[in-house]
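[1] Provided below for reference: sequence and predicted model.
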Amino acid sequence: MEIILLQDITKLGHKDDIVNVKDGYGRNYLIPRGYAIAATPSAKKMHSENLRQRAHKEEKIKAAAQEVADKLAEVKIVVGAKTSSSGKIFGSVNTIQLAESLREKGFDIDRKNITLPEDQIKEVGKYNALIRLHRDVRVKIEFEIVAE
C-alpha cells in the first residue's frame, strides 16, 4: 500500500515522502492516527503541487538549519554527572541531559533529534552525538562528561 506521510516517522520516512507499507500498518495505524494518507492518484497530484509551491520555503528552512549546524559545530558542551571514585557514572547520561545543556547554550533542540553513539553513556570522557536539524542537515557535536 502506498501512503503519503504527513509527519516524520522514525525508521519509515520524513514528512511528504511517498512510501510503501503493509496494508494493515497503513490502514489500521498510520491513516487513523493522522500520520499518513492513502496515495491515490488525486492525492499524489495534490501532493506534487504542494511540494512545488513549498520548495522555496524549504530552501530557506534548510539554510537556517545549516546556519544553526555551523554554530553548533563550534560549541563545547560539558555535562556534569555524579560519579564514583573510579569514574563510573551513577545512572547514565542521556539525550535529555544533552538537550538541557544545549538549551543553556542558547540552542533549542528537541531531545528526539539527538542520537547518542552508545545506548547508555556510563563513564566520564569525551563522546560524539549526532543532531538532526533538518531532513538533509545533520551535525556531529563533541561533548564531554565530567564529574560533579
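    On my side now, so go ahead.
[2] Near the residue lying closest to residue 22 once chain neighbours are set aside, how many other residues are there?
    Distances taken as CB to CB, 6 or more residues apart in numbering place residue 1 nearest to residue 22, at 7.0 Å, with adjacent residues excluded. C-beta here means a position set from N, CA and C on the backbone, and glycine is covered the same way. The local packing of residue 1 (other CB atoms under 10 Å) involves 16 other residues.
[3] measure residue 53 to residue 106 for me?
    As for residue 53, its distance to residue 106 is 33 Å (criterion: CB to CB, to the nearest Å).
[4] Revised request: answer the last question for residue 94.
    Plainly put, residue 94 is 21 Å away from residue 106 if you go by CB to CB.
[5] Ok, residue 98 next?
    The value you get for residue 98 to residue 106, if CB to CB is used, is 15 Å.
[6] and the longest helix out of those in the chain, how far from the chain's centre?
    Counting residues, the longest helix in the chain under DSSP state H turns out to be helix 41-74. On the basis of CA atoms, centre = their mean, to the nearest Å, helix 41-74 sits 15 Å off its chain's mean C-alpha point.
[7] Which elements pack onto it?
    Applying 3 or more CB pairs under 8 Å, 6 or more residues apart in numbering; DSSP states H and E, one finds that helix 41-74 makes contact with strand 2-5, strand 138-147.
[8] Buried deepest among those, which one?
    Per residue and on average, the most neighbours among these fall to strand 2-5, with a mean of 19 (mean count of other CB atoms under 10 Å).
[9] Okay, buried residues for the helix or strand following that strand please.
    Toward the C-terminus, strand 2-5 is succeeded by strand 18-20 as the next helix or strand (DSSP states H and E). Using 16 or more other CB atoms under 10 Å as the test for burial, strand 18-20 gives residue 19.
[10] How about residues contacting strand 18-20?
    With CB atoms under 8 Å, 6 or more residues apart in numbering as the contact definition, strand 18-20 has outside contacts at 1, 2, 3, 4, 5, 12, 13, 39, 44, 47.
[11] which residues does the closest residue to the third one other than its chain neighbours bridge with?
    By the measure of CB to CB, 6+ apart, the closest residue to residue 3 outside its immediate chain neighbours is residue 36, 4.1 Å from it. The residues listed as beta-bridge partners of residue 36 by DSSP bridges are residue 5.
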